[in-house]
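Participant: Following is a predicted model, sequence given first.
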Amino acid sequence: MGTQYSSIEHAVASPGWRRLNELRKKITQLRIGQSIALIDIQYLMDIQALIEPPHQPFCPNLQQLQVELGLQSRPYTYVFLAGDSLASFELMWYSIVHLPRGLMASTMQMVALRSPMIQHIEASVSDSPFINYGLFPNLRSLEHEGRFSMKSWAQLCTGCPLLEVVQLQWRNPTLADENPSIYSVQDIQTLLALEVLEVSSDGMEGVPSLCILRNTNMPQLRRLDVVLERQGSPETITAVFSNIRAHSPLLETLIVTGERLEWGSFASFTGLHILELFGSLSAFKAEDILSIAESIPNMDSLCISSSDEGLDRTRTAFTPPVLQSMAKRCHQLSDLRVPLDTLSTPWTSEPPTPACKFTRLESLILDPLHAEGWAVEPVAKYLAHLCPSVANFESFVVHPDENGAETGGPDYSTEEEERSIVKMERLFFSLKAGDGTVEAGSE
C-alpha cells in the first residue's frame, strides 16, 4: 500500500490519508480488476474505524461497483466498500480451485445486508447455483451467468416484486436442485412487473426453461427469449406456451430455440411484433408458415432459421409462392430472415412478376437460398421486384451438387457458392436501382 506508518493513529494524521479520505467520499463508480491483498484491506478498515462509527461504507456515495476476480480471490472482502447508496453491483468471479460450498451465496447475503437498495445485479460465477437474490427487494434487473436452481428462482419471485428484466445463462445446462420435481405445477410463482425474460445456455443439452415457464405467471411480459432444446415432449411445450399466451397478453417479442416444437402453434400469438424461431428447418411446414402469416399480420420482424451453427443445407417448405403469400398478408414487415427454396420453380430469363410486393420491407436475409447456378440472375430479378424497398439484402446461396443432390455437403459455402452469393447480391441491387437491366461487369 506504499508508505508504512508506526501506528494506525500516525497513518490517520498523514497527508496521504487526508487525500484518500476526501477522495473516497467522492467516488460514485468503482471497478476492481484484480485482487487487493487482505492485509491492505484490513489496513484501510482499521484506519476508517478510528474516525467513523462501525459498519460505515468506505465509499459512502458509491452507486456502481464492478468486481472482476479469479483464482482464489474471496469476493466478500470487498463488501466494506459499499452502503445504502449502491444501486448497481457486478461480480465476475471464476476460480480454478474448489471453493467452500455456499461461499458465493454467503457473499451475496453480506452485500444485501449492507446495500439493500441495489436495483441491478450482474453475476457471472463459476459454480454457485443457490444464490438467494430474493434478499434484494428493490431489484429491477438481474443478469446471472452460471448454474441456477429452482429454489433460487422461487426466492427471486417471492422477494423481488419490482423485477422487470431477468437474463439467465446456464453454464451447466441442468437444474442444480437435488430434487427439482418438488417444484411442481402447483407451486406457481408470480412476477407482476417482469417485462423481459431471457433464458439461454452454452451447453448442448439445453436448459430447464420449461420449469420456469410452467411455474411462473408474468402478466406484464413483453419479451420472451428461451432455449428449449431437448426438453419435454411437443405436447408439453405446446401446453406451456398456451399458458403463456393466456397469462401474458402484452407479449410483443417471442424468440424460441428448440427441436421438438409444433411451429404452427405460435400462430396463436396474434399480438406479436417480433417472432424468431430457431429449430430444424425440415420441421417447418408450409401450412405452419402461412398460418403464422395469416394470424399475425402486424408483425414487424420475422425470423425462421436453423438452430445449428454453420450453413444448414436442408431444403425447406419456404418457396417463392409462400414468400408471395407473406407479402400479401404481412404489410407491416420491415425485417425478414427465412430460408428460400427456388429449385422447384421453373425459372426462365424473364421470371414471373410477383402478384404482391413487400412494400415496407427494409432488410431481407435468405439463409439458405437454394438455387441452381444458372438461375441466379432470374432469382435476383424476381426478388428485386418482390422487395423494392429493401436496403439490406444478404443471401447464402446453396447449389445442388453435380449429381443433382439437394442436401448434404459442408456446413460452409463452397467457392462456387461464394461467387454466386456475390453475384446474387450485386444483381439484386443493380436491378432494383436501375431500369431492369444488369450493370456491366455483373457477370
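Facilitator: Now that the structure is in, tell me what you want to look at.
Participant: which regions of the stretch 1-150 of the chain sit below the pLDDT cut-off?
Facilitator: Scanning the stretch 1-150 of the chain for pLDDT under 70 picks out 1-14, 16-17, 34-38, 70-76, 94-101, 126-129.
Participant: Apply 50 and report the result again.
Facilitator: Where the stretch 1-150 of the chain drops to pLDDT under 50, the residues are 1, 5-6, 8.
Participant: For the nearest residue to N21 once chain neighbours are set aside, what are phi and psi?
Facilitator: Distances taken as Cβ to Cβ, 6 or more residues apart in numbering place I51 nearest to N21, at 7.8 Å, with adjacent residues excluded. Where C-beta positions appear, they are placed from N, C-alpha and C, glycine not excepted. Here is the backbone geometry of I51 (degrees, to the nearest 10): phi -120, psi -10.
Participant: Same question for the one 10 residues further on.
Facilitator: In this entry, N61 is assigned phi and psi values of phi -110, psi 20 (degrees, to the nearest 10).
Participant: what sits against it?
Facilitator: Going by Cβ atoms under 8 Å, 6 or more residues apart in numbering, N61 touches K25, K26, I27, T28, S85.
Participant: surely M117 meets S85?
Facilitator: Yes - under the criterion of Cβ atoms under 8 Å, M117 makes contact with S85 at 7.4 Å.
Participant: how much space between D84 and L343?
Facilitator: Distance, D84 to L343, by Cβ to Cβ, to the nearest Å: 66 Å.
Participant: So which of the two has more stuff around it?
Facilitator: Between D84 and L343, counted using other Cβ atoms under 10 Å, the more crowded position is L343 (16 against 13).
Participant: Pretty sure the more buried one sits against W374.
Facilitator: No - with contacts counted by Cβ under 8 Å, L343 stays clear of W374, the gap being 11.9 Å.
Participant: E145: what's it in contact with?
Facilitator: Per Cβ under 8 Å, 6+ apart, neighbours of E145: A123, S124, V125, L168, Q169, R171.
Participant: Remind me which helix or strand it belongs to.
Facilitator: strand 141-146 (DSSP states H and E).
Participant: Given that strand, what are its sheet partners and their directions?
Facilitator: Here strand 141-146 is paired, per DSSP bridges, with strand 120-125 (parallel), strand 165-170 (parallel).
Participant: how about the contacts of E145 in TSV, adding distance to L250?
Facilitator: Output for the contacts of E145, formatted as TSV (distance: Cβ to Cβ, whole Å):
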residue	distance to L250
A123	28
S124	30
V125	32
L168	21
Q169	24
R171	31
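Participant: Quick check: ChimeraX command selecting the buried ones in these.
Facilitator: When burial is assessed using 16 or more other Cβ atoms under 10 Å, the buried subset of the contacts of E145 is captured in ChimeraX by this command:
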select :123,124,125,168,169,171
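Participant: and the closest residue to I244 other than its chain neighbours, how many neighbours?
Facilitator: The shortest distance from I244 to any non-neighbouring residue, by Cβ to Cβ, 6+ apart, is to L213 (6.4 Å). L213: 21 surrounding residues under other Cβ under 10 Å.
Participant: Tell me which helix or strand comes right after the one helix or strand Q42 maps to.
Facilitator: Assignment of secondary structure by DSSP H and E places Q42 within helix 38-51. Sequence order places strand 64-70 as the next helix or strand after helix 38-51, per DSSP H and E.
Participant: just the helices in the stretch 251-400 of the chain please.
Facilitator: Secondary structure of the stretch 251-400 of the chain by DSSP state H, counting those that start in this stretch: the helices cover 286-295, 320-329, 376-386.
Participant: how close does Q167 get to F148?
Facilitator: 11 Å.
Participant: brain fart, S395
Facilitator: 39 Å.
Participant: Those two: which is more packed in?
Facilitator: F148 (27 against 24).
Participant: hmm, who's touching the strand or helix carrying I237?
Facilitator: Assigned by DSSP H and E, I237 belongs to helix 234-247. Applying Cβ under 8 Å, 6+ apart, the contact partners of helix 234-247 are 210, 213-214, 217-219, 221, 224, 228, 231-232, 251, 258, 260-262, 265-266, 268-269.
Participant: so where is the stretch 201-350 of the chain shaky, pLDDT-wise?
Facilitator: 204-206.
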